[in-house]
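Enquirer: what shape does this take:
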Amino acid sequence: MERRTTKNRYLPSHETHVLKYYDGEMLCSTIYADFTAQTVVVENQTVPPIKTAFGNNLLPAWEDFQRFLEERCIPRQRAGLREYLEALGLEEYDPLAIIEKTGGRMAEDQQWLAIEVIK
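Expert: Below is the predicted model:
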């Protein structure tokens, strides 16, 4: 399976999401995720790799993207997870749905995500 897609060309039959990853007000990475083909392309806008979505990994695989999403959510094993999901209006643990509700904000940093769906 090819891991790179062309960010400027979206296939109309594919579900594509554009995720913009910020540190405060600074855009750090733009992630183009094709959920149909399960491919991801990242474009970093900042120099320090620690501020980017995938660090030094410029060619992330779909699995890297899935791990990144989970890292921006409450852990699956956290006590009170069911109540947290209910408060968000979610029935199950779905990292993308959680990020859509929370912006992927974590207490320990200033990073967050904005998501645009292109169909």
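
Enquirer: I'd say Pro60 and Gln38 touch.
Expert: No: look at Pro60 against Gln38 with Cβ atoms under 8 Å: they stay out of range, at 11.8 Å. Bear in mind the C-beta positions are built from the backbone N, C-alpha and C, glycine included.

Enquirer: who has more neighbours out of these two?
Expert: Per other Cβ atoms under 10 Å, whichever of Pro60 and Gln38 has more neighbours is Pro60, with 21 against 14.

Enquirer: the most centrally placed residue in the chain - nearest residue in space that isn't next to it in sequence?
Expert: The structure's the chain has its C-alpha centroid closest to Leu69; by Cα atoms, centre = their mean the separation is 4.6 Å. Excluding the flanking residues, the one nearest Leu69 by Cβ to Cβ, 6 or more residues apart in numbering is Pro95, at 3.8 Å.

Enquirer: same thing with Ala53?
Expert: Ser29 (3.9 Å).

Enquirer: swap in Arg72?
Expert: Excluding its sequence neighbours, the residue lying closest to Arg72 (Cβ to Cβ, 6+ apart) is Gly104, at 3.5 Å.

Enquirer: neighbours of the one you found, how many?
Expert: Neighbours of Gly104 (other Cβ under 10 Å): 23.

Enquirer: ok, now Ile50?
Expert: Neighbours around Ile50, by other Cβ under 10 Å: 9.

Enquirer: what's in contact with the helix or strand encompassing Tyr32?
Expert: Taking DSSP states H and E as the criterion, Tyr32 maps to strand 26-34. With Cβ atoms under 8 Å, 6 or more residues apart in numbering as the test, strand 26-34 has contacts from 5, 7, 11, 14-22, 39-46, 51-54, 65, 68, 111.

Enquirer: for that strand, list the C-alpha coordinates in PDB.
Expert: Presented in PDB, the C-alpha positions along strand 26-34 are these (Å, rounded to 0.1, in the frame of the first residue of the first chain):
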ATOM      1  CA  MET A  26       1.400  28.700  16.100                       C
ATOM      2  CA  LEU A  27       0.500  26.200  13.400                       C
ATOM      3  CA  CYS A  28       3.000  23.300  13.700                       C
ATOM      4  CA  SER A  29       1.800  20.600  11.400                       C
ATOM      5  CA  THR A  30      -0.900  20.000   8.800                       C
ATOM      6  CA  ILE A  31      -2.000  16.400   8.500                       C
ATOM      7  CA  TYR A  32      -3.800  15.100   5.400                       C
ATOM      8  CA  ALA A  33      -5.500  11.800   6.400                       C
ATOM      9  CA  ASP A  34      -7.300   9.700   3.800                       C
END
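
Enquirer: good, we can wrap up now.
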